[in-house]
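Engineer: I would like to see how this sequence folds:
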Amino acid sequence: MNTQENTWYPVARTDDLHMRHVFQGQLHGVELALWRADDGRVNAWENRCPHRSVRFTLGVNTGEKLRCQYHGWQYQSGDGRCTFIPATSQTAPPPSLCAQTFAATEANGYVWVSLVAKGTNSGAVAFSPEFTPLPLALRSLTFNAGLDVVAAELARYADYDEDAVPGSSALLRNRAEIDLAWQTESGGREVRFWLQPANEAKTIVHGSANLVGMDERETLRWHNRLLTTLRRHVENRESSAGHPPLAEAVAKLHLIPIVQSASRNTASSSRTLIRTTVAARWNTAEDIVAFKLALLDGERVDFDAGAHLDVHTPNGLVRQYSLVNAPGERDHLVIGVKLEPASRGGSRSLHESLQVGDSLTVAAPKNHFPLVPDEGGVLIAGGIGITPILAMGASLQHAGLPYALHYFARSKAHVAFNDRLAELDGLQLHTGLTVDATRDAVDAAFIAAGSERHVYVCGPRPLIDLVRERAAVNGIADARVHFELFANEVSHDADKPFRVRLQTSGTEFVVPAGVSLSDTLKAHGVVLDTSCEQGVCGTCRTGVVDGEPEHRDVYLNEDEKQSHRCLMPCVSRSRSELLVLDL
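Structural biologist: As a prediction, this is how the structure comes out:
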C-alpha cells in the first residue's frame with residue numbers, strides 16, 4: 001500500500017460539514033466529496049458519480065444518501081452503494097455499483113481522511129494523530145507549494161516573531177504535523193499545524209495556537225498577518241526557482257491566454273485566467289460581503305457593464321459573480337457575494353475563508369448581459385441582483401443616457417452597496433413590498449418609461465418572471481426585455497435519444513437519453529467551452545443549421561428560441577430526430 005494512502009490527513013474542519021451540505025476537498029490530487037449523514041456518520045468519497053462522473057458536490061445530501069444532480073442516482077451513507085436509479089426504479093441496482101469511498105473520521109475539531117479505500121485492508125490504517133489542538137483554532141490557509149516546502153517554512157515560524165528569545169524555539173515534526181514552541185519576555189508561545197497536501201503544488205495549512213500575552217483577537221490578527229507573509233515568501237521563492245507545477249500555474253494566472261485544442265469543432269478558442277489579491281472586504285448588506293480584487297501593478301482589464309467573472313473559490317468550485325465596477329474602475333474588480341442558505345460550498349467558502357491579502361483566481365470578464373449601445377433603459381434589481389444593475393446605472397449616468405433604476409429589497413438591511421447607490425440620480429428604492437405592491441411598482445415604472453425602452457432585470461426567478469409578464473402587459477416587446485439568472489432547474493425525466501450531425505465534418509452520432517448534448521460532443525472530441533452547465537451563462541451557445549432544438553435554457557430570448565438557429569448544449573436537446581450543428 002502506498003505510504004501516502006496509509007496516512008491520515010485533515011481535509012476540513014468539523015464545522016465545515018453543515019447539515020445537509022456537501023463539502024469539496026482535495027487530498028493528494030484526489031477530489032473529495034465530504035458529507036455528514038443525519039445520524040452523524042462522516043463520509044469521504046471521490047467527488048464523482050460512477051455513472052457520468054458528475055461531481056457529487058453539485059448534488060443533494062438527503063440526510064441518508066447523496067443524490068447526483070444529473071440523473072438522480074442515489075448512494076447510501078457508509079458503503080456508498082447505489083440504492084436508486086430513476087430510469088430503472090422497479091429494479092434494485094447491482095450491489096457492485098458503488099461510489100468510491102475512503103476511510104474517514106473526526107477528531108480534534110477536524111475531519112481526517114486516509115486514501116485507503118474502505119474494505120481494502122482498511123484495518124491496517126489506525127488513526128493516531130501525534131498532537132492535540134491548542135486552545136485557539138487558527139484560520140486555515142492555502143499555499144501554492146508542496147508539503148515539504150511549506151513544512152520547512154513553517155518550521156521557521158518563530159523567526160518571524162520579533163519578541164522571540166533567540167535560540168529558544170523547539171520543533172517537533174511527525175509526517176504532516178508540526179509543533180513549534182518558543183519563548184518571549186512575556187512567556188511561552190506555541191503553534192501546532194496540520195498540513196493537508198491537496199496536490200503536489202498545493203498545501204492547505206490548518207493550525208491552532210497558544211500565545212501568552214495576547215488576547216484572542218490579537219492572536220488571530222497576528223497569526224493571519226504572519227501566515228500570509230510566510231505564504232507570499234514561499235510562493236514568490238517557488239516561482240522564481242522555477243518549480244515546474246507552480247511556475248506553470250503562475251504563468252497561466254498572469255493574463256496569459258490558455259489556448260485550447262486547435263480543432264475546427266471548437267465553439268470557443270481561448271480563455272484567460274487572472275490572479276488577483278483581495279485588497280478589501282466589507283459587509284455591504286445582510287448576508288452579502290463585497291470584495292475589492294486588486295490586479296497586478298499597472299494591469300487593467302476592459303469590460304462593459306453587465307459583465308461577470310468566473311471565480312475559482314477557495315474550496316475549488318467555480319462560481320459566477322457580476323462586476324459592480326463603475327466606468328473608470330478598470331485597475332481593480334469589485335464583486336458582491338451573497339451567502340446562499342443552501343450553498344454547496346462556493347459562496348460559503350468566500351464568506352468564511354477569503355480574507356484581505358489572500359490570492360484569488362478569476363477568469364477574464366465575460367458579458368452575456370450587455371446594455372444596448374447608445375440607448376437608455378429601465379433597470380430592475382432584486383436582492384443580490386443589484387450587482388450588474390448597479391454597474392449599468394453608473395454606465396448610463398456616465399454616458400448621459402436616460403434611465404430609472406428600481407431596486408427591490410426585503411428591508412433596508414438587505415440593501416447592498418449603499419455608497420454607490422447614493423451616486424445614482426435615477427435610483428428608486430423599494431423595501432418590504434408585497435407581491436401585489438411589487439407588481440404595481442413595476443407597472444408604474446413601465447408606464448413612466450414607455451414601451452420603447454429596453455428593460456434589464458436581475459434577481460430572484462419570481463421577480464424576473466413578474467417583470468417579463470408585466471412588460472408584455474404594458475406592450476414592451478420580449479426582445480427588449482433582458483435578464484440574467486445564475487440558476488436553472490432542469491429535469492431529465494422526459495429525455496429521448498436523438499441524432500446529431502456536425503456540419504463541417506459530416507460526423508453523425510446519437511445523444512442518449514439522460515446524457516447532455518455537451519457531454520456527448522466532448523466524448524466525440526469536440527472542444528466546447530462550458531461553465532454553468534445549467535443553461536444560464538451562455539458560454540456554450542452553439543449554432544444550429546437544421547432541426548428543431550428543445551430549449552431548456554434561461555439565457556436565450558423567445559425570438560432566439562423560435563428562430564431555431566442556436567441552442568445551449570449543456571441543457572437543451574432536440575425535438576426533431578436529427579439536429580445539425582454549426583460545428
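
Engineer: which residues does residue 289 bridge with?
Structural biologist: Residue 289 has these beta-bridge partners by DSSP bridges: residue 283, residue 337.

Engineer: pLDDT score assigned to it?
Structural biologist: We have a pLDDT of 94 for residue 289.

Engineer: now swap in the one 5 residues further on and tell me
Structural biologist: In the prediction, the pLDDT value recorded for residue 294 is 93.

Engineer: all strands of the stretch 451-583 of the chain, in order?
Structural biologist: 454-458, 481-484, 498-502, 508-511, 542-546, 549-550, 566-567, 573-574, 578-581 (DSSP state E, counting those that start in this stretch).

Engineer: could the ones you listed go into CSV alongside mean neighbour count and distance to residue 207?
Structural biologist: For every residue, glycine as well, the C-beta is placed using N, CA and C. Listed next are those as CSV, based on neighbours: other Cβ atoms under 10 Å; distance: least, Cβ to Cβ, whole Å:
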stretch, mean neighbour count, distance to residue 207
strand 454-458, 25, 40
strand 481-484, 21, 40
strand 498-502, 19, 52
strand 508-511, 15, 49
strand 542-546, 16, 48
strand 549-550, 22, 52
strand 566-567, 25, 50
strand 573-574, 22, 50
strand 578-581, 20, 52
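
Engineer: do you know which of the ones you listed lies nearest residue 282?
Structural biologist: Taking Cβ to Cβ, strand 454-458 is the member of these nearest to residue 282, at 21.7 Å.

Engineer: show me what the closest one is packed up against.
Structural biologist: With contacts taken as 3 or more Cβ pairs under 8 Å, 6 or more residues apart in numbering; DSSP states H and E, strand 454-458 sits against strand 377-382, helix 386-399, helix 461-473, strand 481-484.

Engineer: what angle do that strand and helix 386-399 make?
Structural biologist: When axes from the mean of the first three to the mean of the last three Cα atoms, to 10 degrees is applied, the directions of strand 454-458 and helix 386-399 differ by 150 degrees.

Engineer: now strand 454-458: mean pLDDT?
Structural biologist: 95.

Engineer: contacts for that strand next, please.
Structural biologist: Strand 454-458 has contacts (Cβ atoms under 8 Å, 6 or more residues apart in numbering) with 306, 322, 369, 371-372, 375-382, 385-389, 392, 446, 463-464, 467-468, 471, 476, 480-485.

Engineer: show the buried residues in these.
Structural biologist: 306, 322, 369, 371, 376-382, 385-389, 392, 446, 463-464, 467-468, 471, 476, 480-485 (16 or more other Cβ atoms under 10 Å).

Engineer: so which residues of the stretch 201-350 of the chain form helices?
Structural biologist: 216-240, 244-253, 346-353 (DSSP state H, counting those that start in this stretch).

Engineer: weakest of those helices by average pLDDT?
Structural biologist: Among the helices of the stretch 201-350 of the chain, helix 244-253 carries the lowest mean pLDDT, at a mean of 33.

Engineer: from residue 473, how far out is residue 459?
Structural biologist: Using Cβ to Cβ, to the nearest Å, we find residue 459 at a distance of 19 Å from residue 473.

Engineer: same check, this time on residue 310
Structural biologist: From residue 310 to residue 473 the distance is 36 Å (Cβ to Cβ).

Engineer: so for those two, which sits in the more crowded spot?
Structural biologist: When residue 310 is set against residue 473 and neighbours are counted by other Cβ atoms under 10 Å, the residue ahead is residue 310, at 20 against 12.

Engineer: the more buried one: what's its closest spatial neighbour, skipping adjacent residues?
Structural biologist: Spatial nearest neighbour of residue 310, excluding adjacent residues (Cβ to Cβ, 6 or more residues apart in numbering): residue 363 at 3.9 Å.

Engineer: burial count for residue 570?
Structural biologist: 27.

Engineer: so it touches residue 540, yeah?
Structural biologist: Yes. At 5.1 Å, residue 570 counts as touching residue 540 under the criterion of Cβ atoms under 8 Å.

Engineer: what touches both of the two?
Structural biologist: When contacts are counted by Cβ under 8 Å, 6+ apart, residue 570 and residue 540 are jointly contacted by 518, 530.

Engineer: returning to what we had before: which stretch among the helices and strands packed on strand 454-458 comes nearest residue 278?
Structural biologist: helix 386-399 (17.1 Å).

Engineer: so what secondary structure elements neighbour that closest one?
Structural biologist: Applying 3+ Cβ pairs under 8 Å, 6+ apart, we find helix 386-399 packed against strand 318-322, strand 332-338, strand 377-382, strand 403-409, helix 418-421, strand 454-458.

Engineer: pull it out as CSV, backbone CA atoms only.
Structural biologist: Provided in CSV are the C-alpha atoms of helix 386-399 (Å, rounded to 0.1, in the frame of the first residue of the first chain):
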residue,chain,number,x,y,z
ILE,A,386,-28.3,44.7,-7.9
THR,A,387,-24.6,43.9,-8.7
PRO,A,388,-24.8,44.0,-12.6
ILE,A,389,-27.7,46.6,-12.5
LEU,A,390,-25.6,48.9,-10.4
ALA,A,391,-22.8,48.9,-13.0
MET,A,392,-25.4,49.5,-15.7
GLY,A,393,-26.9,52.5,-13.8
ALA,A,394,-23.4,54.0,-13.4
SER,A,395,-22.6,53.4,-17.0
LEU,A,396,-25.8,55.0,-18.3
GLN,A,397,-25.4,58.0,-16.0
HIS,A,398,-21.8,58.5,-17.1
ALA,A,399,-22.9,58.4,-20.8
